[in-house]
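J.: Any chance you could fold what I've pasted below:
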Amino acid sequence: MKKKITIKKNAKHWHDKYPLVSVTWKDISSDASWQSFKQLMSAELPVCVTKGHLLSQSRGITRIFGDVAKSDKGEIEEIGNTTIIPNSVIVKIEKI
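T.: Sure thing, here's the model as predicted:
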């Protein structure tokens, strides 16, 4: 299982610097309904998939963004639709 993607920090175009990735990760789940011990013991964590541009994977966190606002020169001014995921819950990450 691959859990780390190399980021080209000296890339000339932002598409190359921040690769498009698919991150598969396990989420926390809670349930307020009544259930038996057996039901709880057989419960599974939900597996989620997040897709976007990889900003970084450091200090235990993977940072992803989906949208960009560009300047007249084509440079990124702001990013939006961001997600941060603890590296400890990532099952795999792959370039798209």
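J.: And Gly80, how close does it get to Lys8?
T.: Counting by Cβ to Cβ, to the nearest Å, the gap from Gly80 to Lys8 is 22 Å. C-beta: built from backbone N, CA, C; applies to glycine.
J.: repeat for Glu75
T.: Glu75 sits 16 Å away from Lys8, going by Cβ to Cβ.
J.: what sits against the nearest residue to Cys48 once chain neighbours are set aside?
T.: Leaving aside its sequence neighbours, Cys48 sits nearest to Asp27 (Cβ to Cβ, 6 or more residues apart in numbering; 5.1 Å). Counting by Cβ atoms under 8 Å, 6 or more residues apart in numbering, Asp27 makes contact with Leu45, Pro46, Val47, Cys48, Val89.
J.: Mind picking the two most distant members of those residues?
T.: Greatest spatial distance in these: Pro46 and Val89, 10.9 Å, computed using Cβ to Cβ.
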